[in-house]
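1. Structure for the following, please:
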Amino acid sequence: MKLLVADDDPISRELLRCTLTQWGYDLAVCADGDQAWQELSGPDAPTVAILDWMMPGMDGLELCRRLRNTPTCPSIYLILLTANNRPDQIAEGLGAGADDYIVKPFHHEELRARIRAGIRIVELHQALQERVRQLEAALSNVKQLQGLLPICSYCKKIRNDSNYWERVESYISGHTDARFSHGICPDCLAQVIEREGLNSEGPENVLPGKGRDS
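-> Numbers count the residues shown, from 1 in each chain. Below is the predicted model:
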């Protein structure tokens, strides 16, 4: 899982770099918001970003707003790193698009827990996106019959787009995902048995109640 750290303070930035590298994360490190924007808006963007609130150029708050207002940017879990712990300032950060925040100076275990929570959310979001793609692909393969079908009144064959007549089951199989298993309905079965009984020569084939006069 790739993470990004953006902090203009070299001591804080190095502390985060050493800590996250020790925990085994693939890391991108930036010294300001402009560099972070280049990393986060690229094709191989990190999935979790820890952004210092106060940075030269583009600060963490503006960076969150820009990422959330850019439809082409991937879904990134944004954690604001701030010395402000006033409720109104925290609300402002979350309102700008941050998913979470950490107040300086932070506790290492709190940082680890918040990163893991962010990773879980990102993985759930990615799994949902993949499921949506699968459903869209399945729907694109669904075939439907629409419009007026020219069908013969006698043999019930259907005229296809090439002006050839074909059996109903062949036509439907070619235009939908339906498959046929052939059988005989009770009405047709009764007619077949009646017809066979009347046309047979032996008395054993005569249906009850349908005997011939001697």
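2. Show me how the record splits the protein into domains.
-> Domains of the chain are assigned by automatic domain parsing as 2-139, 158-199.
3. which helices and strands sit right next to the longest helix belonging to the chain?
-> Using DSSP state H, we find that the single longest helix of the chain is helix 108-140. With contacts taken as 3 or more C-beta pairs under 8 Å, 6 or more residues apart in numbering; DSSP states H and E, helix 108-140 sits against helix 10-22, strand 48-52, strand 77-82, strand 100-103. For the C-beta atoms, the positions are set from N, CA and C on the backbone; glycine is no exception.
4. so who does Gln191 touch?
-> Not one residue lies near Gln191 by C-beta atoms under 8 Å, 6 or more residues apart in numbering.
5. So what does it look like in phi/psi?
-> Backbone geometry at Gln191, expressed as degrees, to the nearest 10, gives phi -70, psi -40.
6. I'd like to know how far it sits from His182.
-> 17 Å (C-beta to C-beta, to the nearest Å).
7. What of Ile158?
-> Applying C-beta to C-beta, the value for Ile158 to His182 is 17 Å.
8. Neighbour count: the two, which is higher?
-> Between Ile158 and His182, Ile158 has the larger neighbour count (other C-beta atoms under 10 Å), namely 18 against 5.
9. ok, now how distant is the spatially most central residue of the chain from Leu67?
-> Taking C-alpha atoms, centre = their mean, the centroid of the chain lies closest to Val132, which sits 1.8 Å from it. Using C-beta to C-beta, Val132 is found at 21 Å from Leu67.
10. Tyr171 too?
-> In terms of C-beta to C-beta, Tyr171 sits 52 Å off from Leu67.
11. Looking at those two, which has the bigger crowd around it?
-> Neighbour comparison, Tyr171 and Leu67: the larger count goes to Leu67, with 23 against 20 (by other C-beta under 10 Å).
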